[in-house]
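Student: Sequence and predicted model, in that order:
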Amino acid sequence: MIQFIQNLIDAVALGSIYALVALGVGLLFGILRLINFAHGDYITIGAYALIVPSADVTARLLIGDWPWPVLIPTICLIVVIAALLTDAAVFRPLRRATSPTLMIASFAVSYIIQNGVLMAYGSRPKSVDLWSGANSQVFIGDLRVPMLQLITLAVTLVLMVAVTLFLRRTSYGIQMRAAAEDFRMAQYLGVRGNVVIGIAFALSGILAGVVSLLYTTQSGSLSHVMGVPLALFAFVAVVVGGMGSLVGAVVGGFVIGITVTMLQAYLPPDLRAFRDAFAFAFVILVLLVRPAGIIPSRSTFERV
Amino acid sequence: MPLSRALARHQTPAILIVLLAIIACLSLVGQSDALQVTLTEMFIRVVVVVGLYVFIGNSGIISFGQIGFMCIGAYAAAWATGEPTFKQIMLQGLPVFLQEAQYPFLVAMAGAMVLPAAVALILGFAIMRLAGTAASIATFAFLIIVNSVYSNWDSVTAGVSSIIGIPTVVGPWTAYVFAAVAIVVAYLFQVSRIGLMLRASRDDEVAARASAVHVLRVRLAAFVLSAALCGLGGGLYAQFLGILTVDPFYLSLSFITLAMLVVGGMFSLTGAVVGVVVVTAVVEILRALERGVGLGDTAFSLPSGSQEIGLGVVMALILIFRPSGLARGKEFRLFRAAPAAPAASAAEPALQLSESPTSAR
C-alpha cells in the first residue's frame, strides 16, 4: 500500500510536469490551431539560459547561480522573448495558413532552435547542479517524498489557478477565450488578434520557462533535445484530453504521466524497456474509444 | 491517335522519370564515391517522399509516422538478407525461416513492403478515425512506439547495437529503378478512383462525404500504400548501407523528408520529386560550404550545424512565401492533352466515376 501511494505521488508529480507543458501547447492550439513543436525547444532554451554559453563539456552556471527570486523571472523572461520572436518571425506571416502548414512551420522552428543550441553549446549533454538541495527527501509517516515533487505539485497548482484566474477574470483573458471560441468573430468585436496571440505565446513561454527549471533541477543535465520528449508527451496529452480544451490538456497531461509511471512500476522487468511503447499504444486505444478525446471541445468538429 | 493521346495524358510520370534518369547519369560522369552515395541516397529518398506524398498529399493529413514504416521495412530487409551466422548469434528471436536462410534481394524488398503495409492496415483502422490534427499527433505516437520497440527488442533487432553484414546491393541505378517504380505507383494511385475520392475528401471533406465517399476507407488505402512505399525505401536503405541501427529513423529524418515534400509542394507528385532533388542540392551545397571553399585567396567556411539551420530556414521561407511549394500543386506537363482538359490526371477517372456511380457507394 505504501509502495502504491509512493508510486502515485511519483505519477502525479510527473503528470503535473506534462500537464504544464500540455497547458502551454493547448493555449496556442485553442487560439491559433497551432500544434507548436517548438514548445519543447522553449524549454530547452530556458534550461540552457542558466549556464555560460560555451561549447565546453562542463557547464558553468551563470543565471543559474542567481538567487531564485531573480532567477525565475529572468528565465521566464528569456523564454517569453524567445517565444515572441518565433511568433514574429515565422507564425505571424502565417496567420492565414492552415493548421497542417502551421504544424510543419513549427517543426521547422524546432529544428532551427535545436541545431542553433547544438551549434552554440556543443552536442554533448552537460550536467548542471541547479538547486540540488531540492532533491532531498522528506518523510511523511512512512512515505519518502522527494522535496522536488512537492514543489512541482505546488507550482503546478499555483500556475493552474493563476492561468484560470487570468482567463476568467481579466479583460485579456476573456478576449483570449473569445478568440479561442471563434477567432474571426472576436476580431470583429474588437479583439486585437496579434495582441491576444502575443499574450498566448507569452503565457506559454512562462509555462515553458517554469517547466525548464523544474525539469533541470530534477534531471541535472542539459541536452539540445531535452525538450523534445516533453513536447511529444504533451502533444499526445493534448490529443487524449480533447483538442482545444484547456481542462482536457491538463487532464491529458496527468493521464499520460500516471500511465507512464504506473507502467514503469508495475510492468514485468523484461517489458519495462517498452514502457513508452505501451504508454503510446494505450493512448491509441483511448483514441479508438473516444476519438475526440476525454473532454471533447465543441469547436473540434468542422461546421458547415 | 490513341497512343499519343495516352502518352500526353500520362506524361507527368514519364517526365519525372526522364528527369531523374538525367540526374542518374551524373553517376557516370564523376566516379567519386561521394557522388554515388549522394545520388543513391537521393533516389531512396525519392521512394520515401513519394510514399509520404501518397498519403499526405492526397489526404491532406500530415503524418509523422511514415518514417516508422521505413524503419520496419529496413529491418524486414535486414532480417531477410542478413548473414545467417550473424542472425543465429545476434538475432535469436527471429523465426527459423528467417534465421537460417538468406533470401534474394527482390524477396527482401517484397518483405520490406508487406510488413509495414500490414502494420499500417491495423494502425490505420485506429488512426484514420481521428480528425486531421489529432491523427497527425497519433502518427507521432506510432513513430515513438516503433522507435521504442525496435531499440529495445534485443533478440530481434539487436537493440541499440547494429545489424551488420547486410548485402550492399543497392547503387544509384538500382535505387533509380525503384524510384521510377514508386513514381509510377503513386501516379496510378492518384488517378485511380480511390485516389480521386481521397483528393476530393482532402479538398472538402463534408462535400466528399455527401457525395458518398467513404473517407475512412480511402484514407486507409492511401495510408497502407504509403507505408508500403516508405517500407520499400527503408529496405533499399538497409541494403545500401549494409549496416542498420534504429537511430536514423526518428525525428530528424521525419523532418528532412517532410521538408522535401513541403519545399516541392505537397499536393502534387511533381512537387514530391522536385522537393527531393532541390533539398538534396541545397543540403549538398551547404555541406560543401561547411567544408569550406576558397574564394580567391581567402578560405571561407560556414560553422558546422549551418546545414541543418539552413534547411530549417529554407523550409520556413518556403512556407511563408510560397506555401504551396515550388510546384504549387501542379504537375509537370509539356504537351497539352487533347481534348483540352484542365488537369489530365482528372480526365480519365472522372469518366470512370460517371460510368460506375453505384460502386463508388
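Tutor: Arrived safely, thanks for sending. Remember, predicted model here, so these are calculated numbers, not experimental data.
Student: only C-alpha atoms for contact and neighbour calcs from this point on.
Tutor: Will do.
Student: Around chain B, pick out the residues from the stretch 101-250 of chain A.
Tutor: A:101, A:105, A:107-109, A:111-112, A:115-116, A:118-119, A:232, A:235-236, A:239, A:243 (Cα under 8 Å from any Cα of the partner chain).
Student: Buried only: go through the residues you listed for me.
Tutor: Among those, those buried by neighbour count (16 or more other Cα atoms under 10 Å in any protein chain shown) are A:101, A:105, A:107-109, A:111-112, A:115-116, A:118-119, A:232, A:235-236, A:239, A:243.
Student: quick one on the thing from earlier: filter the residues of the stretch 101-250 of chain A next to chain B down to just the ones in helices.
Tutor: If you go by DSSP state H, these have A:101, A:105, A:107-109, A:111-112, A:115-116, A:118-119, A:232, A:235-236, A:239 in helices.
Student: looking at it, residue B:249 is touching residue B:65, isn't it?
Tutor: No. Residue B:249 lies out of contact with residue B:65 (Cα atoms under 8 Å); the separation is 10.0 Å.
Student: Smallest distance to chain A belongs to which residue of chain B?
Tutor: residue B:145 (4.3 Å; Cα to the nearest Cα).
Student: give me phi/psi at that residue?
Tutor: phi -60, psi -50 (degrees, to the nearest 10).
Student: what's near enough to touch it?
Tutor: Contact analysis of residue B:145 by Cα atoms under 8 Å, 6 or more residues apart in numbering or on different chains lists A:276, A:277, A:278, A:280, A:281.
Student: Filter those to keep only those in contact with chain B.
Tutor: With Cα under 8 Å from any Cα as the criterion, the contacts of residue B:145 include A:276, A:277, A:278, A:280, A:281 near chain B.
Student: In a markdown table: those, plus secondary structure and pLDDT.
Tutor: Output for these, formatted as a markdown table (DSSP: H, G, I helix; E, B strand; the rest coil; pLDDT from 0 to 100):
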| residue | secondary structure | pLDDT |
| --- | --- | --- |
| A:276 | helix | 85 |
| A:277 | helix | 87 |
| A:278 | helix | 88 |
| A:280 | helix | 86 |
| A:281 | helix | 86 |
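Student: I'd like the residues you listed as a markdown table, with distance to residue B:174 and neighbour count appended.
Tutor: Output for the ones next to chain B among the contacts of residue B:145, formatted as a markdown table (distance: Cα to Cα, whole Å; neighbours: other Cα atoms under 10 Å in any protein chain shown):
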| residue | distance to residue B:174 | neighbour count |
| --- | --- | --- |
| A:276 | 37 | 22 |
| A:277 | 35 | 23 |
| A:278 | 38 | 20 |
| A:280 | 37 | 23 |
| A:281 | 37 | 17 |
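Student: Pretty sure residue A:143 sits against residue A:1.
Tutor: No. Applying Cα under 8 Å, one finds residue A:143 not in contact with residue A:1, separated by 10.5 Å.
Student: who has more neighbours, the two?
Tutor: More crowded of residue A:143 and residue A:1, by other Cα atoms under 10 Å in any protein chain shown: residue A:143, with 14 against 6.
Student: how near is the more buried one to chain B?
Tutor: According to Cα to the nearest Cα, to the nearest Å, residue A:143 stands 32 Å off from chain B.
Student: Which helix or which strand is home to residue A:96?
Tutor: Under the criterion DSSP states H and E, no helix or strand holds residue A:96.
Student: Same check on residue A:159?
Tutor: Using DSSP H and E, the element containing residue A:159 is helix A:147-169.
Student: What lies in contact with the very next helix or strand once past that helix?
Tutor: Downstream of helix A:147-169, the next assigned helix or strand under DSSP H and E is helix A:171-181. Applying Cα under 8 Å, 6+ apart, the contact partners of helix A:171-181 are A:30-32, A:166-168, A:185-187, A:191, A:193, A:196-197, A:200, A:299.
Student: secondary structure class for residue B:62?
Tutor: coil (DSSP: H, G, I helix; E, B strand; the rest coil).
Student: how about the residues of the stretch 251-361 of chain B that lie near chain A?
Tutor: Neighbours of chain A within the stretch 251-361 of chain B, by Cα under 8 Å from any Cα: B:255, B:303-306, B:308-309, B:312-313, B:315-316, B:319-320, B:323.
Student: any chance of these in CSV, plus secondary structure and pLDDT?
Tutor: Formatted as CSV, those follow (three-state DSSP; pLDDT from 0 to 100):
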residue, secondary structure, pLDDT
B:255, helix, 85
B:303, coil, 74
B:304, coil, 72
B:305, coil, 75
B:306, helix, 80
B:308, helix, 85
B:309, helix, 88
B:312, helix, 88
B:313, helix, 90
B:315, helix, 85
B:316, helix, 89
B:319, helix, 86
B:320, helix, 88
B:323, coil, 80
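Student: Mind jotting down where the helices sit in the stretch 1-150 of chain A?
Tutor: Assigned by DSSP state H, counting those that start in this stretch, the stretch 1-150 of chain A shows helices spanning A:2-32, A:39-48, A:68-86, A:99-121, A:147-169.
Student: could you say what helices and strands the last one packs with?
Tutor: Helix A:147-169 sits against helix A:2-32, helix A:171-181, helix A:193-219, with contacts defined as 3 or more Cα pairs under 8 Å, 6 or more residues apart in numbering or on different chains; DSSP states H and E.
Student: Dump those into a markdown table; add mean pLDDT and mean neighbour count as well.
Tutor: Converted to a markdown table, the helices and strands packed on helix A:147-169 look like this (pLDDT from 0 to 100; neighbours: other Cα atoms under 10 Å in any protein chain shown):
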| stretch | mean pLDDT | mean neighbour count |
| --- | --- | --- |
| helix A:2-32 | 87 | 24 |
| helix A:171-181 | 87 | 19 |
| helix A:193-219 | 91 | 23 |
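Student: Show me what counts as buried in stretch A:115-134.
Tutor: Quick answer for stretch A:115-134 (16+ other Cα under 10 Å): A:115-119, A:121-123, A:125-131, A:134.
Student: What's the end-to-end length of it?
Tutor: Stretch A:115-134 has an end-to-end distance of 31 Å (criterion: Cα to Cα, to the nearest Å).
Student: can you pull out the strands in the stretch 1-150 of chain B?
Tutor: Remark: no strands are assigned in the stretch 1-150 of chain B by DSSP state E, counting those that start in this stretch.
Student: how about the residues of it that lie near chain A?
Tutor: B:61-62, B:126-127, B:129-131, B:133-134, B:137-138, B:140-142, B:144-146, B:148-149.
Student: any idea which element the residue lying closest to residue B:82 once chain neighbours are set aside lies in?
Tutor: Closest residue to residue B:82 apart from its sequence neighbours, by Cα to Cα, 6 or more residues apart in numbering or on different chains: residue B:166 at 4.6 Å. Per DSSP H and E, residue B:166 falls between elements, in no helix or strand.
Student: Fine, thanks again, bye for now.
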